[in-house]
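1. only geometry, no sequence info:
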């Protein structure tokens, strides 16, 4: 997007109330992440985001182990799921919150394909245990409805529109 930025990490509790919808969960966590910076910035723009996967009433965040990653991929195999990214832009102590939703259509994956992906790639740092930009996205996804960049983890199309409103 041709924007200068730096990455600053803070530990944030990513728990959420059980009563929230998937869209509300993603936005809630993105806002919690931004609140961790509110006292330490004034004229800087802080961008935080959280991506989750929703399928059949289940919320899939980042897997806890390779076995958990394989379990998630088996759950996604041959089905349609939603990727939801909540975004928070913190600027001058004001919070601008939004989200994006994309539908992802996985073809039926074999156990060997799932095992190869889990062993060779890095599913542990990704919601739903996969990255669309990696091998599994190239061979296992039939199509998406919505934003590709949202599935990667940040809906840059929507983000850009929100950022130009700040200037």
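-> Nice, I can see it. Since the structure is predicted, the reported quantities are computational estimates derived from the model, not experimental observations.
2. so what's the residue nearest the centre of the chain bridging to?
-> Centroid-nearest residue in the chain: residue 51, 1.9 Å away (criterion: C-alpha atoms, centre = their mean). For residue 51, the beta-bridge partners under DSSP bridges are residue 85.
3. Which pLDDT value belongs to it?
-> As predicted, residue 51 sits at a pLDDT of 95.
4. wait, what's in contact with it?
-> Contact analysis of residue 51 by C-beta atoms under 8 Å, 6 or more residues apart in numbering lists 26, 83, 84, 85, 86, 127, 150, 153, 154. All C-beta atoms are positioned from the backbone trio N, CA, C, and that covers glycine.
5. What separation is there between the nearest residue to the third one once chain neighbours are set aside and residue 105?
-> Take residue 84 and drop its neighbours on the chain: the residue closest to it by C-beta to C-beta, 6 or more residues apart in numbering is residue 26, 4.6 Å away. With distances defined as C-beta to C-beta, to the nearest Å, the gap from residue 26 to residue 105 amounts to 20 Å.
6. For the residue nearest to the centre of the chain, give its distance to residue 4.
-> Separation of residue 51 from residue 4 (C-beta to C-beta): 23 Å.
7. and residue 15, how many neighbours?
-> For residue 15, the tally of surrounding residues (other C-beta atoms under 10 Å) stands at 9.
8. my read is residue 34 is in a helix, agree?
-> Yes. Assignment of residue 34 by DSSP: H, G, I helix; E, B strand; the rest coil places it within a helix.
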